[in-house]
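> With the input below, show me the fold.
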Amino acid sequence: MLASERVDVVWRSCSDDLVGYAFSLCGDRSQALDVVQESFVRLISQLQRSPTLLNEDSARPWLFKVVRNLVVDNFRRKENVSTATTDTDPNHSRNGDNATELDGFYNLDTMVVDRIVINNALDALSSDHRIVIDLVVVEGLSLFDASEILKVPIGTVKSRIYYGLKKARENMGEEVR
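Residues are numbered from 1 along each chain as shown. Below you'll find the predicted structure:
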């Protein structure tokens with residue numbers, strides 16, 4: 001089978017799952033479609049360096065990782081733009097006088113800091129742990145579905161969730177101190 005045919009097989013087998021996953025991470029369907037398209041562009045360029053990715057079993061988890069990383073990169077770019085905007089906004093107060101309260105608990109600055117701490121903790125995990133946590137905890141897939149997507153036993157999914165969350169908690173504890 002030609003490389004282009006194998007890429008087509010990978011596309012047909014996991015593009016819908018990737019779009020759903022990307023949408024669950026970013027909440028924007030058009031951004032999710034763009035991210036999935038970019039992940040396949042990267043797959044094709046990566047194939048020149050590593051032909052073993054044409055195997056569906058190895059391409060699938062690699063693509064999920066790329067999709068997650070692209071969504072995180074897009075989020076960081078947007079945060080950098082909004083941070084630059086608020087830093088130059090004379091009406092924006094760092095002391096919280098003009099901070100918007102959300103549900104009476106958090107202001108926007110606190111939510112951004114929390115999200116950065118969580119993202120940093122997840123980024124420090126191995127890709128195996130991070131992907132499983134994204135699928136089960138973030139996206140809400142069942143253990144069985146995550147097992148099917150990643151082509152690993154359910155016991156492996158459970159183990160990766162347990163040890164990944166344990167390590168993420170440790171990582172967050174270090175950043176909070």
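
> name the helices or strands packed onto the one helix or strand Gly20 maps to?
Assigned by DSSP states H and E, Gly20 falls within helix 3-26. On a contact count with 3 or more Cβ pairs under 8 Å, 6 or more residues apart in numbering; DSSP states H and E, helix 3-26 meets helix 29-47, helix 56-88. Bear in mind the C-beta positions are built from the backbone N, C-alpha and C, glycine included.

> Going by neighbour count, list what's buried in it.
Within helix 3-26, the residues that count as buried by 16 or more other Cβ atoms under 10 Å are 6-7, 10-11, 14-15, 17-19, 21-26.

> will you turn the helices and strands packed on helix 3-26 into a markdown table that also has distance to Glu170, mean pLDDT and mean neighbour count?
Formatted as a markdown table, these follow (distance: least, Cβ to Cβ, whole Å; pLDDT from 0 to 100; neighbours: other Cβ atoms under 10 Å):
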| stretch | distance to Glu170 | mean pLDDT | mean neighbour count |
| --- | --- | --- | --- |
| helix 29-47 | 29 | 89 | 16 |
| helix 56-88 | 20 | 74 | 16 |
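
> just the buried residues of helix 3-26 now: which is nearest Ile149?
Asp17 (5.9 Å; Cβ to Cβ).

> Test my guess that that closest one contacts Glu148.
No - using Cβ atoms under 8 Å, Asp17 is not in contact with Glu148; the gap is 9.3 Å.

> what residues are up against Leu43?
7, 10, 53, 59, 62-63, 66 (Cβ atoms under 8 Å, 6 or more residues apart in numbering).

> Let me have the helices and strands packed on helix 3-26 in JSON lines, extended by distance to Leu122.
Formatted as JSON lines, the helices and strands packed on helix 3-26 follow (distance: least, Cβ to Cβ, whole Å):
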{"stretch": "helix 29-47", "distance to Leu122": "17"}
{"stretch": "helix 56-88", "distance to Leu122": "9"}
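
> closest to Phe144 out of those?
Closest approach to Phe144 among those (Cβ to Cβ): helix 56-88, 15.9 Å.

> mind listing what the residue nearest the centre of the chain touches?
Against the mean C-alpha coordinate of the chain, by Cα atoms, centre = their mean, the closest residue is Arg68 at 2.8 Å. Applying Cβ under 8 Å, 6+ apart, one finds that Arg68 lies in contact with 21, 25, 130-131, 134.

> lowest-confidence helix or strand of the chain?
Every helix and strand of the chain was ranked by mean pLDDT, DSSP states H and E. The lowest is strand 101-102, at a mean of 40.

> thinking again about what came up before, just the closest of the buried residues of helix 3-26 to Asp114, please.
Looking across these and measuring by Cβ to Cβ, the closest to Asp114 is Leu25, at 16.6 Å.
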